[in-house]
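Undergrad: Okay, sequence plus prediction incoming.
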Amino acid sequence: MFANIYAAFGMVFDPYVLAVILGSSIFGLFMGAVPGLSATMAVALLVPVTFFMPPVPAIAAMVSATAMAIFSGDIPGCLLRIPGTPSSAAYTDEAYAMTMKGQGEIALGASLVFSVIGGLFGTFVLILAAPALAELALKFSSFEYFWLVLLGLTCAIFIASDNPLKGFVSLFLGMFIASIGMGNPAGAPRFTFDQPDLLGGVSLVPLMVGMFAMSEVLRFAVSRDFSMKVAESRVGNVFKGMWGLMIKYPKSVLRGSVLGTLVGALPGAGADIAAWMSYAMSKKLSKEPEKFGTGHPEGIVESGAANNSALAGAWIPALVFGIPGDSITAIVIGVLYMKNLNPGPMIFVENPVSMYAIFIVFILANLLMLPLGFWCIKMAKRILSIPRGILMPLILLFCIVGSYATNNSVTDVGIMLVFGLLAYVMEENGFPVAPAVLGVVLGGMLEEHFVTSMIKADGQFLAFFERPIAGTLGVITLLLWLLPLALKLVRRKTLATA
Amino acid sequence: MKINDALSGLVVALFAVVLWIASSRLPAMGQDIGPNVFPQALAVGLLICAVLLVLRGLRGLRKTKARSAHVSTFSTTDAADQDAHWFTLPEWIGNSHAVLAFLLVPASLLFYIWVSEPLGFLPTAFVLLLVLFVTFRTRLLTAVPTALACALIIHTIFYKLLKVPLPWGILTPLAW
């Protein structure tokens, strides 16, 4: 084990990898700080670039970019009252109220310091929990995996969208996209319309770039606000008074980090939901809830820690089971497959060095956030004054080249166009996009486990419930599906009798 | 473009039926669980969702009709508005500049697909950026040098650093 950790250190502390970490950190800080560009978009734009890297720097780029983006999303929230990423939305009003009271320094400092603490806590849990869970998961057969994937997808729909029905449509659509091509257990070409380009399936990179980045450019094109006004405020030493906050709210820090990690680890719920839940919990359990909303740091401390710990938490199911915890890890899993680092319990047996390297990158990225974040806060005004009318065309060109680069073919630019438009229309009508991407990533796996299990069981569907863990997972999944329907029926009956 | 749930349900239902039929024509490959089983399961799932969507959309239409008879002034919120009509055009449709900006995004992708090979990456990227910058209200004096510099930077990143064979097109004799 120590030899592995030593080797992992060697892998990470290599000038090339360190340069990648630094570069993608700055990229992530920038993407998070500009409203309209999110952490998910940062990862989607990184995919084509990481395509050309060895596995460890590729993963390192994504880990550091997202960690930075989730923090720097707090900056425009504090200065402009516009959250830079959805994960900062929960406490944007609070942070802006603090800026208005002349306490912008404390708000930004709390965002930074407690982001780092939350991130490190989540990383710590990831390091402890992932290998232990993997040990358990080694005993899993295709039956358990079938239910696990299905359970993960189900959770994703019920937690992440306020409209489960539309979430299901989106998920099924994603799984249909996954079934295009020859990559199925029978090896039969499906839905390819005799296009040789589609035999290998729909390429994942242009699909994700289209759905997460191009759709955003479309939304910007009709949004009609091409420039922003920054609030006038002086920012001095943001680290002043942070130790005081730490001593005053130790429970908030711990609660935010624990809740964030748990919510992150749940399939489908990511940093934004963690932040909302954590802010609400902080208010509920606070000794002075009346101060919330008037510029009070307690909620920022708790939910600022929560959204960064959620980021690390989401990697637990992603690495151990190959089930993404949020849309960011959905993209990451796609990249892991492309790099032949197939996620699943075997990854800890087959690639222990890479796993330790990922853990080290997580710690490093979170520590690097202190100096880089400080610098970013200082630069905030300049970053925010870059007109979005210049940024968005650049992002579009980057999307085009990135899609083209994976196969050196303009067909992929066409794929990006189709999925960008599809994602735009879907979101306009309340169909969430994340379940579709989960469906694309997991559809192949679900089908494979289903077909393998059915062949093993000789077509007897009851076999899916015969093994103890598979049976439990199966029952839980079915309950999750049927419970909302049952509740509705009960409610209707009580209404009728009343 | 907001479409009532009843209509999107119909679209989903149509897709589900086509998917079922297309799947049933797939070759069996001599297994009990052929390549058709999984897509057909998806088709069934989509069909169930479609029926529920249609029902909900119709219920929304009926409800808002009943409500607007009493208090028409109260139902102007977004959600109620969306439920009340089969089809709502986006509010930016009346603004010709917004429509142009929106259409330019897919148009620039098509432009790239058709033109990048013969014209080369650098001129294509320059024109594409310039047109979009100007559409998004950047002054020409800023737009021209920015478009030129950004095209060169992106070209360097992908062509030199990542070794992506971006086409040179008309600039082939000058290739560096």
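TA: Thanks, I have it. Here the structure is a predicted model, which is why all the values come from computation and not from measurement.
Undergrad: low pLDDT regions in the chain?
TA: Picked chain A for this. Within chain A, the segments meeting pLDDT under 70 span A:159-161, A:224-235, A:498.
Undergrad: not quite, I wanted chain B
TA: For chain B, the stretches with pLDDT under 70 are B:29-32, B:65-84.
Undergrad: any idea which residue sits dead centre in it?
TA: In chain B, the residue lying closest to the centroid (Cα atoms, centre = their mean) is residue B:106, at 8.1 Å.
Undergrad: What of chain A?
TA: Using Cα atoms, centre = their mean, the most central residue of chain A is residue A:328, at 2.9 Å.
Undergrad: distance of it from residue A:164?
TA: Using Cβ to Cβ, to the nearest Å, residue A:328 is found at 22 Å from residue A:164. Heads up, the C-betas are built off the backbone N, CA and C, glycines and all.
Undergrad: Likewise for residue B:137?
TA: Distance of residue B:137 to residue A:164, given as Cβ to Cβ: 40 Å.
Undergrad: who has more neighbours, these two?
TA: residue A:164 (19 against 13; other Cβ atoms under 10 Å in any protein chain shown).
Undergrad: That one is in contact with residue A:154, isn't it?
TA: No: Residue A:164 lies out of contact with residue A:154 (Cβ atoms under 8 Å); the separation is 9.2 Å.
Undergrad: Could you give the number of residues near residue A:397?
TA: Summarising burial for residue A:397: neighbours were counted as other Cβ under 10 Å, giving 23.
Undergrad: So is the helix or strand containing residue B:114 next to chain A?
TA: Assigned by DSSP states H and E, residue B:114 falls within helix B:96-119. Yes: applying Cβ under 8 Å from any Cβ of the partner chain, one finds that helix B:96-119 is in contact with chain A at B:98, B:101-102, B:104-106, B:108-110, B:112-113, B:116-117.
Undergrad: Which of those are buried, as a ChimeraX select command?
TA: To isolate the buried ones among these in ChimeraX, judged by 16 or more other Cβ atoms under 10 Å in any protein chain shown, type:
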select /B:98,101,102,104,105,106,108,109,112,113,116
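Undergrad: would CSV of the residues of helix B:96-119 next to chain A with distance to residue A:133 be doable?
TA: What follows is the residues of helix B:96-119 next to chain A, written out as CSV (distance: Cβ to Cβ, whole Å):
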residue, distance to residue A:133
B:98, 49
B:101, 48
B:102, 46
B:104, 48
B:105, 43
B:106, 44
B:108, 46
B:109, 42
B:110, 47
B:112, 45
B:113, 45
B:116, 47
B:117, 49
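Undergrad: ok, of the residues of helix B:96-119 next to chain A, which one's closest to residue A:430?
TA: Set against residue A:430, the nearest of these by Cβ to Cβ is residue B:102 (19.5 Å).
Undergrad: Name all residues that make contact with that closest one.
TA: By Cβ atoms under 8 Å, 6 or more residues apart in numbering or on different chains, the contact list for residue B:102 reads A:218, A:221-222, B:92.
Undergrad: Now intersect the residues you listed with the strands, please.
TA: If you go by DSSP state E, these have nothing in strands.
Undergrad: Which of the residues you listed has the largest number of neighbours?
TA: In terms of neighbours by other Cβ under 10 Å, those top out with residue A:221 at 25 neighbours.
Undergrad: How about it: what's its closest non-neighbour residue?
TA: residue B:101 (4.0 Å; Cβ to Cβ, 6 or more residues apart in numbering or on different chains).
Undergrad: Find the closest residue to chain B in the stretch 1-150 of chain A.
TA: Going by Cβ to the nearest Cβ, chain B is nearest to residue A:52 of the stretch 1-150 of chain A, at 4.7 Å.
Undergrad: quick one: contacts for that residue?
TA: By Cβ under 8 Å, 6+ apart, the contact set of residue A:52 is A:405, B:162-163.
Undergrad: Return the residues of the stretch 151-300 of chain A in contact with chain B.
TA: Applying Cβ under 8 Å from any Cβ, one finds that the stretch 151-300 of chain A approaches chain B through A:165-166, A:168-169, A:172-173, A:175-176, A:179, A:184-188, A:190-191, A:214, A:217-218, A:221-222, A:224, A:226.
Undergrad: If you count neighbours, what's buried in the helix or strand residue A:361 falls within?
TA: Following DSSP H and E, one finds residue A:361 within helix A:352-384. Using 16+ other Cβ under 10 Å as the test for burial, helix A:352-384 gives A:352-366, A:368-369, A:372-374, A:376-377, A:380, A:383-384.
Undergrad: And for stretch A:42-53?
TA: Within stretch A:42-53, judged by 16+ other Cβ under 10 Å, the buried ones are A:42-51, A:53.
Undergrad: mind exporting it as CSV, just the C-alpha atoms?
TA: Listed next in CSV are the C-alpha coordinates belonging to stretch A:42-53 (Å, rounded to 0.1, in the frame of the first residue of the first chain):
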residue,chain,number,x,y,z
ALA,A,42,-16.4,23.9,-17.1
VAL,A,43,-16.1,20.1,-17.1
ALA,A,44,-17.9,19.7,-20.4
LEU,A,45,-15.5,22.2,-22.0
LEU,A,46,-12.5,20.4,-20.4
VAL,A,47,-13.5,17.0,-21.9
PRO,A,48,-12.1,17.6,-25.4
VAL,A,49,-8.9,18.9,-23.9
THR,A,50,-8.5,16.0,-21.4
PHE,A,51,-9.1,13.6,-24.3
PHE,A,52,-5.5,14.1,-25.2
MET,A,53,-4.1,13.6,-21.7
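Undergrad: Please state the offset of it from the chain centre?
TA: Offset of stretch A:42-53 from its chain centre (Cα atoms, centre = their mean, to the nearest Å): 15 Å.
Undergrad: Then stretch A:308-323?
TA: The chain centre lies 9 Å from the centre of stretch A:308-323; the measure is Cα atoms, centre = their mean.
Undergrad: and the end-to-end length of that stretch?
TA: Terminal residues of stretch A:308-323 lie 19 Å apart, using Cα to Cα, to the nearest Å.
Undergrad: Just list the residues touching residue B:39, thanks.
TA: A:176, A:179, A:190-191, B:19-20, B:22-23, B:26.
Undergrad: are any of the residues you listed buried, and which?
TA: Among the contacts of residue B:39, those scoring as buried are A:176, A:179, A:190-191, B:19-20, B:23, B:26 (criterion: 16+ other Cβ under 10 Å).
Undergrad: Which of these sits closest to residue A:443?
TA: residue A:179 (6.2 Å).
Undergrad: so what's that closest one closest to, chain neighbours aside?
TA: Nearest non-adjacent residue to residue A:179, counting by Cβ to Cβ, 6+ apart: residue B:39, 5.3 Å away.
Undergrad: Which of the three states applies to that neighbour?
TA: helix (DSSP: H, G, I helix; E, B strand; the rest coil).
Undergrad: For it, give its distance to residue B:18.
TA: For residue B:39, the distance to residue B:18 (Cβ to Cβ) stands at 11 Å.
Undergrad: Name the helix or strand for residue A:173, please.
TA: helix A:164-178.
Undergrad: could I get that helix in PDB with only the CA atoms?
TA: Taking Å, rounded to 0.1, in the frame of the first residue of the first chain, the C-alpha atoms of helix A:164-178 are listed here in PDB:
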ATOM      1  CA  PRO A 164     -40.400  13.300 -11.800                       C
ATOM      2  CA  LEU A 165     -42.600  12.500 -14.800                       C
ATOM      3  CA  LYS A 166     -40.500  14.700 -17.100                       C
ATOM      4  CA  GLY A 167     -37.400  13.400 -15.500                       C
ATOM      5  CA  PHE A 168     -38.400   9.900 -16.500                       C
ATOM      6  CA  VAL A 169     -39.000  11.000 -20.100                       C
ATOM      7  CA  SER A 170     -35.600  12.600 -20.200                       C
ATOM      8  CA  LEU A 171     -33.900   9.500 -18.700                       C
ATOM      9  CA  PHE A 172     -35.600   7.100 -21.200                       C
ATOM     10  CA  LEU A 173     -34.500   9.400 -24.000                       C
ATOM     11  CA  GLY A 174     -30.900   9.300 -22.700                       C
ATOM     12  CA  MET A 175     -31.000   5.500 -22.600                       C
ATOM     13  CA  PHE A 176     -32.400   5.300 -26.100                       C
ATOM     14  CA  ILE A 177     -29.400   7.500 -27.200                       C
ATOM     15  CA  ALA A 178     -27.200   5.000 -25.400                       C
END
